[in-house]
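Undergrad: prediction below, plus the sequence it came from.
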Amino acid sequence: MNDLVSLLALPAIWSGGNPSQVLHTLLDAMVRMLRLELASVRLIDPVSEAPVELVRTAEWRESMPSAHEIFEALSLSLEGDGHKWPQALRKILGDREVSIVPVPLGLNAELGMIVVAAERADFPRQTEALLLNIAANQAVIGLQEARLRSRQKRVADELDRKVRQRTAELVAANAELQLQVAQLQQIPVAAWTILPDGTPDFVNQNWLEYTGQSLDYVQSGPETWMSVVHPEDRERASRSYWEGIGSGRGFTAEVRFRRARDGAYRWHLNRAVALCDADGKLLKFVGTSTDIEDLKQSQEELRITQANLAHVNRVTTMGELTASIAHEVNQPLSGIITNAGTCLRMLASDPPNVEGARETARRTIRDGNRASEVITRLRALFSKKSAATQPIDLNEAAREVIALSFSEFQSGRVVVRQELGDDLPLVNGDRVQLQQVILNLLRNGSDAMSTVDDRARELLIRTELDGDDRVRLSVTDVGVGFESQAAGRLFEPFYTTKNEGMGVGLSVSRSIIERHRGRLWAMPNQGPGVTFSFSIPCKPGDLTGDHNGIGRTPSMTDAG
Ligand code: ADP
């Protein structure tokens, strides 16, 4: 009974021990309790899974075969199922005959086997067999427990390893994250993240410094950041914020934020994008606020400047158009009035001069047509439509202008001398426009001589061939001339030195000549006065469609 209690207590002794310790204790206990010659075990170590063979012999035995020899000797008798093993075998072991008893470990000896040997021929008796079985069962329990513990340990070790590895990974990731956060704090724009419910959960140092808000304050509610938004922008800012958060799409909004440093409101571009996990679930919004005040201001200036430029252009064009029309229509109008007056006088005389009246009425009609023609052509010029081109005899065009202005020159005591070249080729162009240029040059010449009293006020108009394929017309006066610094400005629109002047004649003239693919320039004379000349090609060709010449500043070369 004592032996039984000892055997039953074995697992308690083993708990925590390793399998070989379990087996040693067991074999020792069996040899002692059952007064065995030997006890041996063969099994697969449940922990290391290596084959194990152990033998314990009684203290009085001097020599015993090895466990291996014992099991080899028994192997033929102990094949197969443990149930069918013989209860005991009588064999010579060493120098004496012994009873050998095999006991399977596990139902079918799947864990291994214990083999014991005793000298007595009646071994094992019933109680001994019972004890053997109990010992084997205890061994099985102990071994299974050892296996379980070893497995548990292996799982625990694996768990430990994984925890260590994950911890190391987390530490590395955390360090990386810290670095990213540090970088985020340093970037020169305000950066922030917003939770899906609209509450800011991170703002970088840039934001805190710019706005003077604290992180706690910003995180305390979804709209706390709005305390730095310009009052006029708040409603709009709030609308686009909540639309972007609500839709999950993020937002882009330009809003003025107050800079804590000086209280100035400055425009910011705010952009937030949604950050989702692998399944598309919204995690948060990530965004930046960039100070675009300087950019905005330069845009504003540009709008710049563009509006002013457009206005100036419009005024210039309108002014030129109006002035040209007034200038050109005035002349046929005075003709009409003069002719109409003459006509009335002729009809009132006694007897009425009907033939003369008819002639002056015809001239009235001619001048009326001319005025209307001038307006049509000028409108064509300014609306960029191509003008009517026709072959023109420049001499004839010049003579006509001189005749028209004859009375005007006469009253200004100006003598017009003509040196018109023979056999000049025809030029292709717009007759009225070219006459407008000639008239303008003659009038300017006449004006320049209005204060000249020490010499004859003489205007020379000259035409000649210019190279093979161009014709040149020049008007020379003996007037006051111009200062050399004014030379660059003569052709600028609205440049005038006259009290009644408009300053558009030369700029319009230049644009007309350039439309004829020609050039207009001014040269001071050797003596007093100036010579203005233009040169145009005689080859037929359309007038150019644009009139960019208007308003262009001439170069010094142009002005001579
Ligand atoms: P406006 O005759 O209305 O002043 P123009 O464009 O025809 O406009 O002429 C611009 C300016 O050029 C004149 O005011 C004058 O100062 C100068 N100018 C033009 N022709 C002559 C000339 N023949 N001699 C001296 N100065 C001239």
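TA: Nice, thanks for sending it over. Residues are numbered from 1 along each chain as shown.
Undergrad: and Val452, which of the three is it?
TA: Here Val452 is recorded as coil under DSSP: H, G, I helix; E, B strand; the rest coil.
Undergrad: from Arg413, how far off is it?
TA: 10 Å (CB to CB, to the nearest Å). To be clear about C-beta, it is placed using only N, CA and C from the backbone, and glycine gets the same treatment.
Undergrad: quick one, which of these two is more surrounded?
TA: Shown here are Val452 and Arg413; by other CB atoms under 10 Å, Val452 has more neighbours (18 against 13).
Undergrad: any idea how far the more buried one lies from the ligand?
TA: Val452 sits at a distance of 11 Å from the ligand (criterion: CB to the nearest ligand atom, to the nearest Å).
Undergrad: roughly how far apart are the nearest residue to that residue once chain neighbours are set aside and Thr451?
TA: Excluding the flanking residues, the one nearest Val452 by CB to CB, 6 or more residues apart in numbering is Gly479, at 6.1 Å. Separation of Gly479 from Thr451 (CB to CB): 8 Å.
Undergrad: quick one: residues contacting Thr342.
TA: When contacts are counted by CB atoms under 8 Å, 6 or more residues apart in numbering, Thr342 touches Gly356, Thr360.
Undergrad: pull the number of nearby residues for the closest residue to Gly518 other than its chain neighbours.
TA: Closest residue to Gly518 apart from its sequence neighbours, by CB to CB, 6+ apart: Ile536 at 3.3 Å. Neighbour count of Ile536, defined by other CB under 10 Å: 26.
Undergrad: again, but for Ala253
TA: Neighbour count of Ala253, defined by other CB under 10 Å: 20.
Undergrad: and it, what element?
TA: strand 251-258 (DSSP states H and E).
Undergrad: how about the stretch 151-300 of the chain: which residue is closest to the ligand?
TA: In the stretch 151-300 of the chain, the residue that lies nearest the ligand is Glu300 (36.2 Å; CB to the nearest ligand atom).
Undergrad: and stretch 487-505, what's buried?
TA: The neighbour-count check on stretch 487-505 (16 or more other CB atoms under 10 Å) flags 487, 489-496, 502-505 as buried.
Undergrad: which ones among the residues you listed also lie next to the ligand?
TA: Leu490, Tyr495, Thr496, Met502, Gly503, Val504, Gly505 (CB under 6 Å from any ligand atom).
Undergrad: which ones among those residues are found in helices?
TA: Residues of these located in helices (DSSP state H): Gly505.
Undergrad: before we move on, back to that, count the neighbours of the residue of the stretch 151-300 of the chain closest to the ligand for me.
TA: Using other CB under 10 Å, Glu300 is surrounded by 10 other residues.
Undergrad: how close does it get to Asp262?
TA: Distance from Glu300 to Asp262, by CB to CB: 20 Å.
Undergrad: go on, Val508?
TA: From Val508 over to Asp262 the distance is 53 Å, taken as CB to CB.
Undergrad: just want to know which of those two has more residues nearby.
TA: Just comparing Val508 and Asp262: by other CB under 10 Å the higher neighbour count belongs to Val508, 29 against 7.
Undergrad: mean confidence for the helix or strand containing that one?
TA: In the assignment (DSSP H and E), Val508 maps to helix 505-515. Mean pLDDT, helix 505-515: 88.
Undergrad: ditto for stretch 133-142
TA: The average pLDDT for stretch 133-142 rounds to 83.
Undergrad: how about that stretch, which residues are buried there?
TA: Ala135, Ala136, Gln138, Ala139, Val140, Gly142.
Undergrad: low-confidence ranges, this protein, go.
TA: 1-18, 62-64, 75-84, 305-325, 377-388, 540-560 (pLDDT under 70).
Undergrad: contact residues of it facing the ligand?
TA: Counting by CB under 6 Å from any ligand atom, the chain sits next to the ligand at 440, 444-445, 448, 477, 479-482, 490, 495-498, 501-507, 530.
Undergrad: got the buried residues for stretch 104-111?
TA: Pro104, Leu105, Gly106, Ala109, Leu111.
Undergrad: er, stretch 452-464 actually
TA: Residues of stretch 452-464 classed as buried by neighbour count (16+ other CB under 10 Å): Val452, Arg457, Glu458, Leu459, Leu460, Ile461, Arg462, Thr463, Glu464.
Undergrad: ok, now stretch 89-97?
TA: Neighbour count says stretch 89-97 has Leu89, Leu93, Gly94 buried, by 16+ other CB under 10 Å.
Undergrad: same deal with stretch 184-200?
TA: Applying 16+ other CB under 10 Å to stretch 184-200 flags Leu184, Val189, Ala190, Ala191, Trp192, Thr193, Ile194, Leu195, Thr199, Pro200 as buried.
Undergrad: show the end-to-end separation of that stretch, please.
TA: Terminal residues of stretch 184-200 are spaced 15 Å apart (CA to CA, to the nearest Å).
Undergrad: roughly how far out does it sit from the chain middle?
TA: Chain-centre distance of stretch 184-200: 20 Å, with CA atoms, centre = their mean, to the nearest Å.
Undergrad: re the thing from before, touching, the residue nearest to Gly518 and Leu465? I think so.
TA: No. Assessed by CB atoms under 8 Å, Ile536 is found out of contact with Leu465, at 11.9 Å.
Undergrad: residues shared between the contacts of the two?
TA: Shared contacts of Ile536 and Leu465, defined by CB under 8 Å, 6+ apart, comprise Val471.
Undergrad: other SSEs contacting the helix holding Val508?
TA: Here helix 505-515 touches helix 293-348, helix 354-382, helix 431-448, strand 519-524, strand 530-537, going by 3 or more CB pairs under 8 Å, 6 or more residues apart in numbering; DSSP states H and E.
Undergrad: quick check: bridge partners of the residue nearest to Gly518?
TA: Note on Ile536: beta-bridge partners Val471, judged by DSSP bridges.
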